[in-house]
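K.L.:
Model the following, please.
(chains A, B, C, D, E, F, G and H)
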There are 8 protein chains.
Amino acid sequence: MGLNIYLSGEIHTDWRKQIIDGCAGSDFVFSSAVTDHDASDAAGDVLGAEESGFWRDHKSAKVNAIRTKTLIERCDVAIIRFGDKYKQWNAAFDAGYCAALGKPYITLHGEDIVHPLKEVDASAYAWATTPQQIVDILNYLVSSQ
Amino acid sequence: MGLNIYLSGEIHTDWRKQIIDGCAGSDFVFSSAVTDHDASDAAGDVLGAEESGFWRDHKSAKVNAIRTKTLIERCDVAIIRFGDKYKQWNAAFDAGYCAALGKPYITLHGEDIVHPLKEVDASAYAWATTPQQIVDILNYLVSSQ
Amino acid sequence: MGLNIYLSGEIHTDWRKQIIDGCAGSDFVFSSAVTDHDASDAAGDVLGAEESGFWRDHKSAKVNAIRTKTLIERCDVAIIRFGDKYKQWNAAFDAGYCAALGKPYITLHGEDIVHPLKEVDASAYAWATTPQQIVDILNYLVSSQ
Amino acid sequence: MGLNIYLSGEIHTDWRKQIIDGCAGSDFVFSSAVTDHDASDAAGDVLGAEESGFWRDHKSAKVNAIRTKTLIERCDVAIIRFGDKYKQWNAAFDAGYCAALGKPYITLHGEDIVHPLKEVDASAYAWATTPQQIVDILNYLVSSQ
Amino acid sequence: MGLNIYLSGEIHTDWRKQIIDGCAGSDFVFSSAVTDHDASDAAGDVLGAEESGFWRDHKSAKVNAIRTKTLIERCDVAIIRFGDKYKQWNAAFDAGYCAALGKPYITLHGEDIVHPLKEVDASAYAWATTPQQIVDILNYLVSSQ
Amino acid sequence: MGLNIYLSGEIHTDWRKQIIDGCAGSDFVFSSAVTDHDASDAAGDVLGAEESGFWRDHKSAKVNAIRTKTLIERCDVAIIRFGDKYKQWNAAFDAGYCAALGKPYITLHGEDIVHPLKEVDASAYAWATTPQQIVDILNYLVSSQ
Amino acid sequence: MGLNIYLSGEIHTDWRKQIIDGCAGSDFVFSSAVTDHDASDAAGDVLGAEESGFWRDHKSAKVNAIRTKTLIERCDVAIIRFGDKYKQWNAAFDAGYCAALGKPYITLHGEDIVHPLKEVDASAYAWATTPQQIVDILNYLVSSQ
Amino acid sequence: MGLNIYLSGEIHTDWRKQIIDGCAGSDFVFSSAVTDHDASDAAGDVLGAEESGFWRDHKSAKVNAIRTKTLIERCDVAIIRFGDKYKQWNAAFDAGYCAALGKPYITLHGEDIVHPLKEVDASAYAWATTPQQIVDILNYLVSSQ
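P.N.:
Numbers count the residues shown, from 1 in each chain, chains lettered A, B, ... in the order given. Predicted structure coming up:
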């Protein structure tokens, strides 16, 4: 069996690469939002300049939403990563989106943020603390045992 | 017309009360998660003590999820409030949940967090900065003009 | 039996009133978008002034969409009225929205615009040319014959 | 990633060709209604002649609806084009249909019709004024940044 | 508990009345299509005369469909009655409609048409041969045992 | 574009073959219930003999329903054929099933049964009287005009 | 807030009564399958005697399914009770049914059957061992804290 | 036609192998949960050790649920096997899950457990007692008769 996996959240460490590399050889399709921060923030600029920061962000976020919505709806399982910096509300938003669609997701975060993530973890199918654990779970899921 | 309104997010200021008071006289039903922080954290304790903080949180969060999931699915519109403290990932999770269900929601937050909330605002039907604006919008929505 | 009826489209003649008056005595609940043109255009102004006409319209239209979406999803049948002036794309939009949800709708328009409305009429359950016909159909639908 | 893109609306300029040509090399599947006006109007004629213009239109529009409904439900994103002539209610109908299904769509129209299209734009994920902007957005959406 | 019950099919005997009378005192809401044959056939006439029998039937059937679709979607259980005369394709159509929606239905017909009704009975929750059996089943379903 | 087409109804003439042959060269996948009458009636016999005709029919019809339900849910469009003999309630059942799922279907039947089929035709996207008309419509639908 | 609660499973102890009594005063509607074992087994007998035990069971189980399916789909939360005797596959079936619908459920069972119930508990929102815990959770859920 | 078939339930006999071998040559894709008992029980161990048996089971069951939920939602038909040992509540849970999704399933079990399985069988499309019967039914379903 194959799995379509969406990788959501933190973009400042190489956790995506670790997972993708660790899963080499399995029948997975990985996808993500655009993870180049500047490109993502500028996604809507081609549609015309905005004076207000709110509307510039709004246009870019809606362009990006076409991609993220499509990929989340296509995926079989999502990995939602929370790092130790920034608000990362988009990651929690993706988790809620998955929960409402009945898409299984696994969270990936440190022990220090267990309490503020309790609602997000409550709807998750697993909580991992390292990318290697994610690799092990994904490979297990498609094993032919 | 009446509306069933879910109030999600920050529990440390009286924004819920301001909205409910401001809407007195209209045909609204307001609902929320349990907003007593200690009661909410202890929601699962009656089911047995846990040594691990993760599992205590997990049990309580899942008990609370019965309520929040039910109320979000019943509501016509949600108000999602982000304050200036704490992670508030549950509020972003609720927004994602509403977005996936096609439930309209309005965000309520200050200008200083516009950028990190851009994905949450992108799916919102409106962004307000004060409870009074929410009151005005809600009363407008049910007016007989 | 009762019916929840959404009245969509043209706001410059009294077709809504004619239908509501003609149906007096039946168990109908009628609803509409805000039909005061100026109030509708200004629906989002309370959230802050905009310099761009596009964004002012955008904010107001999204606030109004909370109402129209809610009412369309609640209704059993919609009446979609096209008059002889203006673009009235919102009426065609509502028709498409109803069609996708499987909500029956009846169009109300003159013979002169049959050709450009053929796609809208193709998904309609009936086409009427006068409010009185709508009244007759609605009263028939709930009769106890 | 690939995308399935539905091109809806105006059939009198070459905007479809500009977008398709501009996207050469990306993994897109483009689709449309039958855009030959005369063929489209005659779609139902093979089923028998009609004396009434309404029923001729009706039969053809329903035959065409098999195609448009299927393609819209298959697509990941729709482009909805409004030109400067004709009523184009079918384009607004398609937009409403997409909105109810939760299909992202981008509108393509001039500034002069921003106000009458405000409800259609309110549910859009972006508004473009030139086919080249659409090309840029689509290519961005599938980039591997 | 109460039940909303849709009575579909044959209109030439008093089976509806027998069921409704037999269930007096229980918390049921019964509904049906318009069962006056002439009124039903003429349902669309108010919208204008047709020369073609097909289009007259078509207009009336679509007006009637607003009622039947609404009532079937509202019901908890349908009773689908096949008599010993006529084609009664509308009854089989209603059964298929219920099956696709996951609405439980009970068929009511004689033993002599078991074979041609096998597909309709295969998706039914029960097959009865007399209205009294329907009455007994319905009263059992809401009993407080 | 390709289409997945389900052919439902009458099994005593070669209408299926006429359509399939007429569409040779187009990108269609055709499917049907098992159309060998004896094999279909005996579908459940392998599960054990039944003394009652009702239960033999019931078992076979439910086995066949696995196939028909799967194929109808996979199809893009169904052709529903009513011949001039037999009750053919299964064809009307399939039409109702398609209608509830929002699957477009085209009916294929003679003029003499227009009146008893009015409810089935009311939800159809077209009515044809010959297999050649079906061929013409299907080929039109996938043309690249 | 009120809750509609479905009580599924074991019928040989008074756990239902304990819960209902313990919740007196709250705004709950409780429902259940018919819990009189003999009446439930005989639910289909009115439709005619069967020689085969399988078909007698089948008819009764399908009649009962009209009730249980309706009540589960109406409920906000289900309580699924496993006692220490019998197979109780119907309780596990109800749990799976709730899980697929996204209905929250709470299991009620002893520690000795934790391992064989792990899949059922994995989709539950809570696991309780006594009816009093259920009472406490339910009352907490509707509290106005 | 091809079919995607999920094999649920008992893991202590070779019924899966018998079905897969018997269907060699047909266009089927078979899938299952991880059927190595020890591997399945240990599915969550990589995420960290648990002192409580309940939480160890819970973590493993949720990891396994990602696989089973995905495969059930992908399948066209499920085979649900009940053996003569153990509780096998997971098999009944899968049956309920299928029923709620409208996925056809066939049960495979001995005559001695007909009565306790009556609710599970009531929603099944067939009941078989031997793997060979399943093979015959599956091959029949995709035959080109």
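K.L.:
which parts of chain A sit against chain C?
P.N.:
A:51-52, A:55 (CB under 8 Å from any CB of the partner chain). The C-beta positions use only the backbone N, C-alpha and C, and glycine is treated the same way.
K.L.:
one more time with 10 Å, if that's ok
P.N.:
By the rule CB under 10 Å from any CB of the partner chain, the part of chain A lying against chain C is A:48, A:50-52, A:54-55, A:58.
K.L.:
what's the closest of these to chain C?
P.N.:
Chain C has its nearest neighbour among the residues of chain A next to chain C in A:W55, at 6.0 Å by CB to the nearest CB.
K.L.:
Report the secondary structure state of the closest one.
P.N.:
helix (DSSP: H, G, I helix; E, B strand; the rest coil).
K.L.:
how near is it to B:T129?
P.N.:
15 Å (CB to CB, to the nearest Å).
K.L.:
who's more crowded, these two?
P.N.:
A:W55 (18 against 15; other CB atoms under 10 Å in any protein chain shown).
K.L.:
can you pull the contacts of the more buried one?
P.N.:
Counting by CB atoms under 10 Å, 6 or more residues apart in numbering or on different chains, A:W55 touches A:44, A:48-49, C:50, C:52, C:54-55, C:58.
K.L.:
So which of the residues of chain A next to chain C wins on neighbours?
P.N.:
Going by other CB under 10 Å, A:H58 tops those with 21 neighbours.
K.L.:
what's that one in contact with, if anything?
P.N.:
A:44, A:50, A:52, B:114, B:118, B:121-122, B:124, B:127, C:55, C:58.
K.L.:
Show only the entries of those found in strands.
P.N.:
B:W127 (DSSP state E).
K.L.:
from the contacts of A:H58, which is closest to chain H?
P.N.:
Among the contacts of A:H58, and counting by CB to the nearest CB, the member closest to chain H is B:A122, at 28.4 Å.
K.L.:
about what we covered before: and the contacts of A:W55, which of them are in helices?
P.N.:
Applying DSSP state H to these, the entries found in helices are C:54-55, C:58.
K.L.:
Can I get these in TSV including distance to D:V34?
P.N.:
Conversion of the ones in helices among the contacts of A:W55 to TSV gives the following (distance: CB to CB, whole Å):
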residue	distance to D:V34
C:F54	33
C:W55	37
C:H58	33
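K.L.:
okay, those in TSV with pLDDT and distance to B:S26 next?
P.N.:
As requested, the ones in helices among the contacts of A:W55 are exported to TSV (pLDDT from 0 to 100; distance: CB to CB, whole Å):
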residue	pLDDT	distance to B:S26
C:F54	97	31
C:W55	98	28
C:H58	98	26
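K.L.:
wait, which of these is closest to B:T35?
P.N.:
Lowest distance from B:T35 to those (CB to CB) belongs to C:H58, with 32.8 Å.
K.L.:
What residues does the residue in chain A positioned nearest to chain E make contact with?
P.N.:
Going by CB to the nearest CB, chain E is nearest to A:G102 of chain A, at 17.1 Å. Contact analysis of A:G102 by CB under 10 Å, 6+ apart lists B:100, G:99-102, H:69, H:73.
K.L.:
Kindly report the same for A:A61.
P.N.:
Contacts of A:A61 (CB under 10 Å, 6+ apart): A:40-41, A:43-44, A:68, A:90, B:115, B:117-123, D:125.
K.L.:
Which residue, neighbours along the chain excluded, lies closest to the residue of chain A most remote from its centre?
P.N.:
No residue in chain A sits farther from the centre than A:E51, which is 30.2 Å out by CA atoms, centre = their mean. Nearest residue to A:E51 in three dimensions, chain neighbours excluded: C:E51, at 7.2 Å (CB to CB, 6 or more residues apart in numbering or on different chains).
K.L.:
how much space between the one you found and H:A91?
P.N.:
In terms of CB to CB, C:E51 sits 64 Å off from H:A91.
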